[in-house]
Structures are given as C-alpha cells and as structure tokens.
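Visitor: Everything below, folded, please.
(2 chains)
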Number of protein chains: 2
Amino acid sequence: MSEAAYVAVDWGTSSFRLWLVDQAGNILRERRSHEGMMAAGKLGFPTVLQSHLQAVGAADGLPVIVCGMAGARQGWVEAGYVDTPAPLASILKHAVPVPGQDRDIRILPGIAQRDPKAPDVMRGEETQLLGALGLDAAGDAAVCMPGTHSKWVRARGATVERFATFMTGELFDVVSRETILSHAVTGAGETEDIDAFKSAVMAAFETPAFAANLLFQVRSGQLLYGGQPASAREKISGTLIGLELAAGLAGDVPRTGITLVASGRLQMLYQLAFDTVAVPIRTIGAEDAVRRGLSMAAESIWSV
Amino acid sequence: MSEAAYVAVDWGTSSFRLWLVDQAGNILRERRSHEGMMAAGKLGFPTVLQSHLQAVGAADGLPVIVCGMAGARQGWVEAGYVDTPAPLASILKHAVPVPGQDRDIRILPGIAQRDPKAPDVMRGEETQLLGALGLDAAGDAAVCMPGTHSKWVRARGATVERFATFMTGELFDVVSRETILSHAVTGAGETEDIDAFKSAVMAAFETPAFAANLLFQVRSGQLLYGGQPASAREKISGTLIGLELAAGLAGDVPRTGITLVASGRLQMLYQLAFDTVAVPIRTIGAEDAVRRGLSMAAESIWSV
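Guide: Down below sits the predicted model:
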C-alpha cells in the first residue's frame, strides 16, 4: 500500500464521508456514516472526525481537507462564502483552518449569491463543481446538481456566474411522508413505474403552475381509478422534478447541453426526466466530483 | 325561542360544526369541536354526534343533515359522488340515509370528476357551492374555495362543469413545519408582513415554475440579509397562494370575475392575493355558504 498524503472529508447535513488518499490521488481507505452536521453537532465535530481518522489509521500529522456543512454557521468552524461571480480557484484560497487541532484541518467555504432579488447559498456543491468542471474549464456550462436542495448553476469558464436552489428533494420527502399523499404511497417497494414518472415530469414541465394540483391528482386518481403505491410515489417525484426542470431550462440552454452531477437513484431519475423533455445531458458522478474537488484543494493547499 | 326544525352538520376531516335550525332557517344553537372524521373514526361517529345533539337539546325525532368527510369511504357511511357535470340539485337527490339510527340522518354526496387526465374529488365543498351559488344560478361562475385543499370550480348556471384541487394549505403546513424553512418561521407571532406576502404572491404568479426556488429563498434571504420570522411565514404563504392563482387564473376568467368563498384569515389572505394580481372578486363567507347549503338540502328533503 502506498503512503497516505491527506484525508478528504465531505461533511453534509446528514452524511459524513471520509477518504484516505495517497499522493497520486488514489483512495486507500474510505468511511461513510450518518454523522452529518446534525449528529456531529451533538457528538462534537472533533470526536466524530477523530474516530474515523483512527479507523482508517491516519498518521498523526496527516492534513485533512473538509467541504460541506461542517463550515456552516451551525457547523464546526464557519467557513464563510465566496460571492458570485465566484472563480472556483478562489474557493481554494479561502479554506479556513480549524484552530486548536493537532493536525492541519481546513474547511472550504461555500458560495453566496448576494442578490436581494435572488439570494442563494451553496455549501459542498462548490467542491463538486470544482471537481466536475476543473480549474481550466472553458466556455459556458449549465450544471444541474440534484439533491435535497437541487442546485442549478451557470458557469462561464471556471467561474460560477449565477445559481438557484430548488427544494425538490426535501419537498418530495415531506409531501410523500407528511401529507394526505402518504396514504397513496404506503407500501411502495422496490418496483418502479417509469411511465408514471415520465408522464408526471411532462405534465409539470408543461404546466408548472398546476404543480399543487398535479400532486393532489395522485390521491384523487387513486381514489377514482385505483393504482399502485409505486406509481403514486413516481408521480410525486416526477411532478416535483418536472417543476424543477421547467424553471432550470426556462432560459437559454448552452449548446453543449446540461451537465448533470448526480449518483445512484437520483442520477437515474434525472436522466429519465431530461430524456422525457428531450434535453441532452452529460453525466458526472457526484461522488467522484466531490472527491476530485477535495483532491484539487489538497494539492493546491499542501502541494501534495 | 322558536322551535327547532332540523340539525345541520358540517363534518370535515379535522373539524365538526353543528347548528340547531328553526323552520325559518334561524340558528338556535351551535357547536364546534375538533372531532372531525379523524377523531370521530376512533370515538365512533354516533357517539360524537349524540353528545352534541344532547348538548343543544335536540328533540328525539329531529332530522339531521350532514355534509363533508363523514360521507367518505373512511367516514361514517359512504355517500358516494355525483359526477361532473354535476347539477347542484342532484346533490340533494343523492343524500344517503344512515341506517339503524333512531332519527333520520342523511349525508350529502361529494362530486367526482372522472377524467383520467384530471381526476378530482370534493366532499363538503359541494354544499358550500350550493349555498354560495344557489339552485337558480345563471351564467358562468369561477369559484375559488381556499383551504387545506383549495378548490377552483367552473360552474355554468347551477351545474359544476369542472374543478381542480390544489394542496396549497397542506403544503404551507408541511413546508413551514417540517422542512429547513421551519427555522426561518420559528417565533413568528401575530404580527404580519403584508408587503412580503404581496411580493411573494407576485413572484410565484409571474414565474410559477420557480416555486421550489422561491421557497428556498426564504431561507437563503434570511441567511444573507436577516429578516423577521413573520416575513418568512408570509413569503411561504404568498409563494404557495401565488402558485395557485397562476393556475386558477390561467384560462379565461368570466367577466363577472372570481367568486371567493372563504372566511377569517384565509379570506383576508386571498383577498390580498387577488388584489395583488389585480383580479376583481366578490367574497362569500365560507361558513355562511355551508350553512345555507345544508338548509337548502334540509328543506328539499324534509320540506321543513
């Protein structure tokens, strides 16, 4: 096994991922847990990090680069924001050291859009963007980063010009768990209903104003015509993603199409959704992107 | 005190209202409780009704007319639906007697729109419509009935042609209680921010596709610029109501404008919202409307 050069951490609201990385950028060891900002706020950030560093056998002086909610005001150490238009290189320059630690630990800042008409913030996605676009990006890019709070980013070269956050994932979560629609989705298992998903995407994409009505139709349709819980779940998901696409694709889309940064089930759903509205995409794995971004930061800061 | 002629009950999902009414339609006594369908399903519908009948001193043989969720499948006795196009008079004809009771108790049916492309149901609002429009209505009407599940109804004369349900009230509830925005509204008291409400209505009305982004701005705006919890609450409310209006007003609006059937705070908010988008309305109190509808049903069934 080659020697570890640094540790990279993606510390989200509800998830924690850590990689032990060698000088060539290879992953030597990996840890995943649910000790995100919420849990770590109670357990203590140093305690959580230390337990994972021990588990991967990180040597004493090994530096740690962190992105995500650990840098939020309610996080470990506030890492602030770089304002738009935000050159991705400036993210690297504004990494904030965590004081009073035995090793060098730095947290990357987020990006803020200080526009009173469209205020917005991201924290963690800037590192994914760094990994996805790179510091030498040329031309215009439109990037869709699905999640609890989906981000749509317009970049010019390696600079984030504007972005918008959509509460799509969180809305899906509360609508399917906490509203009358929860009855309609109860019992939805592994099976999927791709047709239900695609027609819901199209309906919301074409008539976004009707989103709150299309959602109710999940219940009224089941009441009047029956239907499977999986179809109901896919209709809710398709409606909310279709609504997001209607906004994200409202302006001019660059000729190069959309760059989708996503992994797993979200990647599959968004690929289907873009396919439904006939918009070409290229896909980059979200986890690869964040790791690459963290590596670029580590290399820039410590010349590892 | 004049003699009671019948009892009228509006039995919703989470609320119960009962009126003791004389032959001239005057209210002799009134009861309100939270024993809606959910609570009554556990306590037993006959038990709940009996306790309130006793409380108002209803004589033994006095008939009871009921509308609302007591007639749902999960209610007391399923009262079915009248299908669109639904003459309001047919609601009266399809009242369903509750079997095995000491007195004559009848539950009014709901209305169903059996259109696979826009399935919809209402239960309770049909009685409000009856009271608001009457059996002799002439001309076209567009009726907005705000609530947990807002209904927008197109009527021709005294016939319900089409309608659409929007989950506006329920979305407001879960978004402000169960999402990240709950932090932004915590501590919002009695004070109101009418300007925040109106500008949120206008933003969502003009760009409905951005609804999930406008919601997130409640948080990002507060993070970057501060702001009161009441403003955050009004922004959520305005965004969701503006989204509803964008859909409800998307087609041609009758020259007579919109008939708003609402009471209390919802009436105030929707009046403000319609005012913001410069659409004329006439307002009918929701509670008056349902009582009038129940009285029309009682008079038609029992010739009281």
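
Visitor: Might you report the residue contacts of the residue of the stretch 1-150 of chain A found nearest chain B?
Guide: Sorted by distance to chain B under Cβ to the nearest Cβ, the residues of the stretch 1-150 of chain A start with A:Pro119, at 4.3 Å. From N, CA and C alone the C-beta is placed, and that goes for glycine too. Contacts of A:Pro119 were listed using Cβ atoms under 8 Å, 6 or more residues apart in numbering or on different chains, and they are A:Gln113, B:Gln217, B:Ser220, B:Gly221, B:Leu223, B:Leu224, B:Tyr225.

Visitor: hmm, try it at 7 Å
Guide: With Cβ atoms under 7 Å, 6 or more residues apart in numbering or on different chains as the criterion, the residues that contact A:Pro119 are A:Gln113, B:Gln217, B:Ser220, B:Gly221, B:Leu224, B:Tyr225.

Visitor: Equivalent analysis for A:Cys67, please.
Guide: Under the criterion of Cβ under 7 Å, 6+ apart, the contact partners of A:Cys67 comprise A:Asp10, A:Leu108, A:Gly124, A:Thr127, A:Val290, A:Leu294.

Visitor: So which bits of chain A are right by chain B?
Guide: Residues of chain A lying close to chain B by Cβ under 7 Å from any Cβ of the partner chain are A:112, A:114, A:116, A:118-121, A:149, A:164-168, A:170-171, A:174-175, A:178-180, A:208-213, A:215-217, A:220-221, A:223-225, A:243-244, A:246-247, A:250.

Visitor: what stretches of the stretch 151-300 of chain A score poorly on pLDDT?
Guide: Using pLDDT under 70 as the threshold, the predicted model of the stretch 151-300 of chain A has no low-confidence range.

Visitor: which residue ranges form the helices in it?
Guide: Counting by DSSP state H, counting those that start in this stretch, one finds helices in the stretch 151-300 of chain A at the ranges A:168-178, A:181-185, A:194-206, A:211-225, A:229-248, A:264-276, A:286-302.

Visitor: list the helices and strands the first one packs on?
Guide: Spelled out, it's helix A:168-178. Under the contact criterion of 3 or more Cβ pairs under 7 Å, 6 or more residues apart in numbering or on different chains; DSSP states H and E, helix A:168-178 touches helix A:181-185, helix A:229-248, helix B:168-178.

Visitor: List the buried residues for stretch A:246-253?
Guide: A:Ala246, A:Ala247, A:Gly248, A:Leu249 (16 or more other Cβ atoms under 10 Å in any protein chain shown).

Visitor: what does stretch A:114-121 give?
Guide: Within stretch A:114-121, judged by 16+ other Cβ under 10 Å, the buried ones are A:Ala118, A:Pro119, A:Asp120, A:Val121.

Visitor: Which strand residues bridge the third one?
Guide: In this case it means A:Asp120. Using DSSP bridges, the bridge partners assigned to A:Asp120 are A:Gln113.

Visitor: pretty sure it contacts A:Thr165?
Guide: Yes. Taking contacts as Cβ atoms under 7 Å, A:Asp120 lies within contact range of A:Thr165: 5.4 Å.

Visitor: out of the contacts of A:Cys67, who has the most neighbours?
Guide: In terms of neighbours by other Cβ atoms under 10 Å in any protein chain shown, those top out with A:Thr127 at 31 neighbours.

Visitor: Pull up the gap between A:Thr191 and chain B, please.
Guide: Taking Cβ to the nearest Cβ, to the nearest Å as the criterion, A:Thr191 is separated from chain B by 22 Å.

Visitor: Hmm, that residue is touching A:Arg233, no?
Guide: No. Shown here, A:Thr191 and A:Arg233 do not form a contact pair, counting by Cβ under 7 Å, at 10.0 Å.

Visitor: Quickly list what the closest residue in space to A:Val9 that isn't next to it in sequence is bridged to.
Guide: In this structure, A:Val9 finds its nearest non-sequential neighbour in A:Val66, 4.4 Å apart by Cβ to Cβ, 6 or more residues apart in numbering or on different chains. A:Val66 has these beta-bridge partners by DSSP bridges: A:Val9, A:Ile107.

Visitor: For A:Val66, which residues are in contact?
Guide: The contact partners of A:Val66, by Cβ under 7 Å, 6+ apart, come to A:Val9, A:Trp11, A:Ile105, A:Arg106, A:Ile107, A:Leu108.

Visitor: of all the residues you listed, which two lie farthest apart?
Guide: Pairwise distances across the contacts of A:Val66 peak at 12.3 Å for A:Trp11 and A:Arg106 (criterion: Cβ to Cβ).

Visitor: neighbour-wise, which of the two wins?
Guide: Each of A:Trp11 and A:Arg106 has its neighbours counted (other Cβ under 10 Å); A:Trp11 has more, 27 against 22.

Visitor: Mind telling me what element A:Val7 is part of?
Guide: Using DSSP states H and E, the element containing A:Val7 is strand A:4-11.

Visitor: Quick check: A:Ser2 touching A:Leu20?
Guide: No. Judged on Cβ under 7 Å, A:Ser2 makes no contact with A:Leu20 at a distance of 10.6 Å.

Visitor: Which of those two has more residues huddled nearby?
Guide: For A:Ser2 and A:Leu20, the more surrounded residue by other Cβ under 10 Å is A:Leu20, and the numbers stand at 24 against 10.

Visitor: Tell me if the more buried one really is in a strand.
Guide: Yes. In this structure, A:Leu20 lies within a strand as judged by DSSP: H, G, I helix; E, B strand; the rest coil.

Visitor: That concludes my questions; thank you for your assistance.
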